[in-house]
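Student: Could you look at this predicted model? Sequence included:
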Amino acid sequence: MLTMFNRIFGLFLILFTLSACSELPYNNLDNEQLKTMLDKKVPIFDVRRPDEWRQTGVVEGSQLLTFVDGTGRIKPDFLARFTATVGKDDPVILICRTGNRTSTLARHLVENMGFTQVYNVRNGITQWIRDGQPTMQL
């Protein structure tokens with residue numbers, strides 16, 4: 001009986017640990033949720049590089065602020081420029097090409113800088129375009 005309890009308890013601990021690891025400190029948005037947030041006038045920051053903006057266009061209303069350069073280094077002025085525009089309790093949407101850069105940025109903003117309403121566009125502009133949503137060309 002004790003062995004069965006230990007197995008069940010062990011399985012419970014493993015499942016609990018896995019579920020705790022999967023919780024994100026920020027919110028992911030799909031395209032429908034993104035449209036709703038944009039309708040509410042929540043600011044959206046496209047953190048890709050200028051060459052990426054020109055290649056695909058951007059979501060209308062996006063504020064353009066490059067997060068990392070072509071080698072993956074954080075742009076030295078990024079955080080100062082971002083925090084000059086967005087308050088820690090203001091809602092903000094982040095979008096990049098596939099959601100990877102913005103996922104990293106969103107986690108940092110929430111966990112290390114105390115931002116409370118950060119929204120990451122899951123699958124980025126790539127999915128936005130794939131779903132037939134409009135972009136503005138630069």
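Tutor: Looks like it arrived, so ask away.
Student: Walking through this structure, point out its helices one by one.
Tutor: Counting by DSSP state H, the chain has helices at residues 2-22, 31-39, 50-56, 78-85, 100-113, 124-130.
Student: What are the buried residues along the third one?
Tutor: Translated: helix 50-56. For helix 50-56, burial by neighbour count (16 or more other C-beta atoms under 10 Å) applies to 52-53, 56. Every residue, glycine included, has its C-beta placed from N, CA and C.
Student: can you list those in JSON lines and add pLDDT?
Tutor: Shown next, in JSON lines, are the buried residues of helix 50-56 (pLDDT from 0 to 100):
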{"residue": "Glu52", "pLDDT": "97"}
{"residue": "Trp53", "pLDDT": "98"}
{"residue": "Thr56", "pLDDT": "97"}
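Student: Out of the residues you listed, flag the one nearest to Asn112.
Tutor: Nearest to Asn112 out of those is Glu52 (C-beta to C-beta; 25.3 Å).
Student: where's the closest one relative to Ile44, distance?
Tutor: Using C-beta to C-beta, to the nearest Å, we find Glu52 at a distance of 15 Å from Ile44.
Student: same question, Thr104
Tutor: Thr104 is 17 Å from Ile44, where distance means C-beta to C-beta.
Student: So for the two, which residue has more residues nearby?
Tutor: Ile44 (21 against 16; other C-beta atoms under 10 Å).
Student: Identify the bridge partners of that one.
Tutor: Ile93 (DSSP bridges).
Student: Give me the pLDDT for it.
Tutor: With respect to pLDDT, Ile44 has a value of 98.
Student: wait, it sits on Gly61?
Tutor: Yes - counting by C-beta atoms under 8 Å, Gly61 is a contact partner of Ile44 at 6.2 Å.
Student: Overlap of the contact sets of those two?
Tutor: Residues touching both Ile44 and Gly61 by C-beta atoms under 8 Å, 6 or more residues apart in numbering: Leu38.
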